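Student: Can you look at this prediction? I've put the sequence above it.
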Amino acid sequence: MNRKDLIDKLNSFTTAERSNRDKAAEFVLDHEELFPYLIKLTFEEQGRLSVKSAWILELVCIQKLSLIYPFLDFFSSHMKNISDESALRPLSKVISFITNEYYIVKNPEILTKLTQAAKEQLIEVSFDCLIEDHKIAAQVFAMDSLYDLGKEFSWIHPELKQILLQNLPKGSKGYQSHAKKILKLL
């Protein structure tokens with residue numbers, strides 16, 4: 001299996017139906033050698049192929065997060081280039097998986113692979129999700145990631161609290177609900 005096989009699979013589904021995305025994720029999980037191509041397509045391509053890759057990356061990471069470990073530096077350093085909301089949501093969710101696995105689960109494998117530079121890049125991207133005008137889902141995942149990262153970086157929690165309190169009155173019901181949950185934890 002190669003990059004062309006993955007691109008063909010991604011292009012074979014024309015709608016975002018979950019069943020199509022699940023099939024593509026299973027294809028990658030059945031052919032793990034395609035994962036490096038998937039992550040590169042997510043960040044190196046533009047348009048629909050990049051978005052589809054991001055959707056599949058999320059689903060693959062739900063089932064086998066360890067596939068991304070060798071690519072944590074690449075993933076973290078390229079996140080700042082994502083502007084499409086349809087790609088930002090699943091990738092923000094992947095960040096929350098990573099921070100959860102690192103700070104909550106404390107998986108020994110990720111503890112040795114997530115570098116300081118990568119953490120700092122994830123912090124930057126997550127704060128950008130909250131500060132800039134992004135959809136609620138990406139913001140909710142950013143809140144969770146920043147809460148986790150704040151366990152190591154003491155300056156994050158006060159900054160996160162300030163942003164949440166500032167945005168709470170104008171946020172959607174979903175934003176308000178999740179922000180209140182995070183504020184209680186802070």
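Tutor: Good, I have the coordinates. Residues are numbered from 1 along each chain as shown.

Student: Tell me the spacing between the closest residue to L183 other than its chain neighbours and E124.
Tutor: Among residues not flanking L183 along the chain, L164 sits closest, at 5.7 Å (Cβ to Cβ, 6 or more residues apart in numbering). Quick note: C-beta positions are derived from backbone N, CA and C, even for glycine. To E124, L164 is 18 Å away according to Cβ to Cβ, to the nearest Å.

Student: same deal with G150?
Tutor: 14 Å.

Student: Neighbour count for those two, which is higher?
Tutor: Comparing G150 with E124 by other Cβ atoms under 10 Å, the one with more neighbours is G150, at 22 against 13.

Student: what sits against that one?
Tutor: 156-157, 160, 186 (Cβ atoms under 8 Å, 6 or more residues apart in numbering).

Student: Dump those into CSV; add distance to T99, pLDDT and secondary structure as well.
Tutor: CSV is the format used below for those (distance: Cβ to Cβ, whole Å; pLDDT from 0 to 100; DSSP: H, G, I helix; E, B strand; the rest coil):
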residue, distance to T99, pLDDT, secondary structure
I156, 11, 98, helix
H157, 14, 98, helix
L160, 13, 98, helix
L186, 16, 93, coil
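
Student: Surely N2 touches Y37?
Tutor: Yes. Using Cβ atoms under 8 Å, N2 makes contact with Y37 at a distance of 7.4 Å.

Student: The two: who's more crowded?
Tutor: Using other Cβ under 10 Å as the criterion, N2 and Y37 rank with Y37 on top: 21 against 11.

Student: Find the nearest non-adjacent residue to that one, please.
Tutor: Nearest one to Y37, counting by Cβ to Cβ, 6+ apart, is R3 at 4.4 Å.

Student: residues near the one you found, how many?
Tutor: Neighbour number of R3 under other Cβ under 10 Å is 13.

Student: and it, how far is that from F127?
Tutor: From R3 to F127 the distance is 33 Å (Cβ to Cβ).

Student: again, but for L38
Tutor: Following Cβ to Cβ, the distance that separates L38 from F127 is 27 Å.

Student: ok, now K173?
Tutor: 23 Å.

Student: Please name the residues that touch E120.
Tutor: So E120 contacts nothing (Cβ under 8 Å, 6+ apart).

Student: Tell me the gap between the worst-scoring helix or strand of the chain on mean pLDDT and the middle of its chain.
Tutor: None of the helices or strands of the chain scores lower by mean pLDDT, DSSP states H and E than helix 3-12, at a mean of 89. Chain-centre distance of helix 3-12: 22 Å, with Cα atoms, centre = their mean, to the nearest Å.
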